[in-house]
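> Sequence first, then the predicted structure:
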2 protein chains.
Amino acid sequence: MSITPTEREQRVLDRIDQVRRRPARVREERVTLAHGSGGKATKNLIEAVFLASLGNPLLDRLEDGAVFPVDAGRLALTTDSFVVSPLFFPGGNIGDLAVNGTVNDLAVSGARPLHLTAGFILEEGFPIADLTGIVASMAAAARAAGVRIVAGDTKVVQRGKADGCYINTAGIGVVEHDVALGVDTARPGDAVLVSGPIGAHGVTIMLARGELDIDADLVSDTAPVHELVAGLLAAVPGVRALRDATRGGVATILNEIAEAANVAVLVDEAAVPVQAPVRGACELLGIDPLYVACEGRIVVVVDGAAADEALAVLRTHPLGAQAAVIGRIAADPPGLVLLNTAFGGTRIVDLLVGDPLPRIC
Amino acid sequence: MSITPTEREQRVLDRIDQVRRRPARVREERVTLAHGSGGKATKNLIEAVFLASLGNPLLDRLEDGAVFPVDAGRLALTTDSFVVSPLFFPGGNIGDLAVNGTVNDLAVSGARPLHLTAGFILEEGFPIADLTGIVASMAAAARAAGVRIVAGDTKVVQRGKADGCYINTAGIGVVEHDVALGVDTARPGDAVLVSGPIGAHGVTIMLARGELDIDADLVSDTAPVHELVAGLLAAVPGVRALRDATRGGVATILNEIAEAANVAVLVDEAAVPVQAPVRGACELLGIDPLYVACEGRIVVVVDGAAADEALAVLRTHPLGAQAAVIGRIAADPPGLVLLNTAFGGTRIVDLLVGDPLPRIC
C-alpha cells in the first residue's frame, strides 16, 4: 500500500491541516448530542472548555488513564456524584461542590488529596456558558485544595434525560499520618465535636429553589477541609473518626458512629452551633438542622482527654473558628443517638426516613 | 448531661434495637427519592443491594474513602460515565459495561487494574429488580477482571431527570511494565493492529433499540482486555500505544494517533475485520464500521519489526483470536488517516462530525 498525493490533492491536504490547527472553540451556544460522540465536537469541547480551565500535564495528554508515580504507603480512594439543583447557588455551584466534596471525603479518610477525576453527564441543550462557568469553578476549587483533575469523561444525553449537568468526581489521596480512622473505633468517654455551624448548605439550596419566600443572607458552607483536618491530625493524637456531614447532616453521621461502634452518642442540643437564619428556616420547614447537609463541616470523634486540645486546634483554622464540643460517647444505650433538648427533655435522633431535601448535593 | 432510661424506656430502646438488627431489605419495588437521602432507605439499599453483591472488606466499612497499601511505583487513574440505552442488551448490560470500560481504560494505560469506584445516578421509579441485576453483573465483571469495587455513591433524581440508571466508574491500576505508552509516540514504520472484529457493540445497541427491523444474531463485544494487554506487554517490547476503541470507534483512535504523533496513519480497508451482520447493518444505516463503538477491542501501535510477533501473541488469547494488522504509520501526510478502500481508491478518514449513535456506552 503506497499513497502519494498529487499536487492538487496536496493542496487539499494542506488546507485541511490548516483548518485543523486552528485553536479549538465551541461554536454552538448549547450542548448537542455531537458533543458526546467522541468525534470532532467532543474534541472541541474538551480542548476549548475543559483543558482551557483544568489543563495540566497529566490531563493534557488525553490518554485513557493518567499515569503518575507514588511512594510506598497507604492511599485513599473515593467517589461522589453530584446532582444538586439548582446548579448555581449563593456561595458556589455544582463545580466547586464536586471538587470540595471529594477533597473532603479524602481528607476525612486521613489522606492528603492528590488527584481527582471528573465525569460529566450533560443534557442536550445545556448552555455552554454555564458549563464553562462550572468548569472554571472546578479549576479554582482544585487549585485551592492543591489537587489536579487528571482524567475526565463527558457524556451527553437527550433533552429530558438529565437536568442540565451532573458531575461525578473520584479522587485519590495519600494517607500520611499513622492513624486508623473509623467510626467503629469510637468508645465510651470519647468526645464528639463539629467544626462549625451546621446546615448552611442545605438551607441555602432550599432557599435558592425559591420554594420559600425567605430572603435570608445565607451562603453555602462549601469549602475544602483538608487543611483543617491535616492540622488536627498533626497536633492531636487521639482522633478516632472523622466524617464530613453532607447528605443526611450531622444526625446521620452520629447514627453511623453509634451503630458501627455499638455505643451511645449523647448530644447536647444547646451546644450545637447553628446560624440564626438556618435555625429560622428549619423551624418554618419543620425540619431539624441536625439532618441538614453541610459541605464544609466535619464531625470529629476524639479521646475525651484530648477534646479541649482538638477544639483549640480546630479553632485556629478559619473553617473551624466556631467549632464546638457537641456531645460524648457512652456505653448505653448501644446503637442510639440521644439528644438532650434545649427544653430539658431527651429524644432519640434516628436515621432520616424519607427525604425532606432531595438533590442537595 | 446524664441519661439513664427508665425501665419502660429501656423496653422501647430494646425494641428499637431489635428492629434495627433485622437484615436489611428493600421493601419498595422501585427507587424512591428517599433512597438518595442518606438516611434509612439509603442504608437499606446499600446493604441489601450493593453490599450483598459487591461486598468486600474495604467497601463493607462504608467509610468516606477506602484506604489500602500500595508499593512504590506508577499508578494509573481513570474515569468513565455510562449512559447506554437500553440498559440491558444482548451480551451485557450497563453494569458489566461500566466495569469492563474502566478495567479496559486501565489496561490500555499499561496498568494491572486494582480498585474501582462506582457512582450511581438513579431515576425515581427505577425498578429495584433491574438495579439488583445490574449490580450483580458488576460484581461478576469485577470478579472476572480481578478488581474490587471499594467505594461507591448513590444519588436519586426525580422522575424525568435521568433515564433509569447512569453509572460512573473510576479506577486505579498498577503500571507493572516499564513502558511509556502514548499515542504521541507512534512513528513512521510502526504497524497498527486491532485485536478483533470491530463495531459489534455499537450495532448490537442500535438493534436492541428496535429502530431497525433487523434480527441479527449479534451480541456486544463487551469484555475485559486486561489479560490480553498484559500478555502483549509481557511478550512484545516494541508496543508504543494502546487504546480501547469505544465511542467514535477505531477511526477516532486512528485520528488521535495521527494528530498526537503528527504522522499519517495508512489503513487497508480490506484488512479490517468486521463481522458480516455488523457490516450489513452499517450498510443499511449508511455508517462506516470504523466509527462504530467496540467495548472489548483494542488498537495497538507497535514497532513494525515486532508486528508479526504482536499479532501472534494477541491471537493466543480468545479475545484476540481474530486480531489483524490493519495499517501502518507513515510520515506523510502528517495528521491524517488515509484509507485504501476495498475498491482501490483512497479517502480521508476524519473525526466524526455529529453523532449517528448517541448513548452507545
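That came through fine. Residues are numbered from 1 along each chain as shown, chains lettered A, B, ... in the order given.

> ok, residue A:151 touching residue B:81?
No. The criterion here is Cβ atoms under 8 Å, and residue A:151 misses it with residue B:81 at 11.9 Å. Every residue, glycine included, has its C-beta placed from N, CA and C.

> Which parts of chain A are helices?
Along chain A, the segments classed as helices by DSSP state H run A:7-20, A:40-45, A:52-54, A:57-60, A:94-108, A:128-145, A:200-208, A:226-235, A:249-261, A:276-285, A:307-315.

> And the average pLDDT for the fifth one is what?
The reference is to helix A:94-108. When the per-residue pLDDT values of helix A:94-108 are averaged, the result is 98.

> what's the answer for the last one, then?
Predicted confidence along helix A:307-315 averages 98 (mean pLDDT).

> picking up where we left off before, and among the helices of chain A, the most buried is which?
For the helices of chain A, the stretch with the most neighbours on average is helix A:94-108, a mean of 29; neighbours defined as mean count of other Cβ atoms under 10 Å in any protein chain shown.

> possible to save the helices of chain A as a markdown table with distance to residue B:309?
Supplementary listing: those in a markdown table, determined by distance: least, Cβ to Cβ, whole Å:
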| stretch | distance to residue B:309 |
| --- | --- |
| helix A:7-20 | 33 |
| helix A:40-45 | 33 |
| helix A:52-54 | 39 |
| helix A:57-60 | 31 |
| helix A:94-108 | 43 |
| helix A:128-145 | 43 |
| helix A:200-208 | 58 |
| helix A:226-235 | 48 |
| helix A:249-261 | 54 |
| helix A:276-285 | 67 |
| helix A:307-315 | 60 |
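
> Quick check: bridge partners of residue A:81?
When bridges are called by DSSP bridges, residue A:81 pairs up with residue A:168.

> so it sits right up against residue B:121, yeah?
Yes. The pair residue A:81 / residue B:121 is scored as a contact, 5.5 Å apart, by Cβ under 8 Å.

> Report the separation between the spatially most central residue of chain A and residue A:131.
With distances taken as Cα atoms, centre = their mean, the residue of chain A nearest its centroid is residue A:101 (1.1 Å). As defined by Cβ to Cβ, to the nearest Å, residue A:101 lies at a distance of 19 Å from residue A:131.

> Could you do residue A:79 as well?
Between residue A:79 and residue A:131 the distance is 21 Å, computed by Cβ to Cβ.

> ok, which stretches of the stretch 251-361 of chain A are strands?
Listed in chain order, the strands found in the stretch 251-361 of chain A under DSSP state E, counting those that start in this stretch are A:264-268, A:298-302, A:324-330, A:337-340, A:346-348.

> any chance of the ones you listed in a markdown table, plus distance to residue B:256 and mean neighbour count?
As requested, the strands of the stretch 251-361 of chain A are arranged in a markdown table below (distance: least, Cβ to Cβ, whole Å; neighbours: other Cβ atoms under 10 Å in any protein chain shown):
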| stretch | distance to residue B:256 | mean neighbour count |
| --- | --- | --- |
| strand A:264-268 | 54 | 23 |
| strand A:298-302 | 42 | 28 |
| strand A:324-330 | 54 | 22 |
| strand A:337-340 | 53 | 23 |
| strand A:346-348 | 58 | 14 |
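
> so can I have TSV of those strands showing distance to chain B?
TSV is the format used below for these (distance: least, Cβ to the nearest Cβ, whole Å):
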stretch	distance to chain B
strand A:264-268	5
strand A:298-302	10
strand A:324-330	8
strand A:337-340	5
strand A:346-348	6
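
> and the ones you listed as JSON lines, adding mean pLDDT?
Rendered in JSON lines, the data for those read as follows (pLDDT from 0 to 100):
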{"stretch": "strand A:264-268", "mean pLDDT": "98"}
{"stretch": "strand A:298-302", "mean pLDDT": "98"}
{"stretch": "strand A:324-330", "mean pLDDT": "98"}
{"stretch": "strand A:337-340", "mean pLDDT": "96"}
{"stretch": "strand A:346-348", "mean pLDDT": "94"}
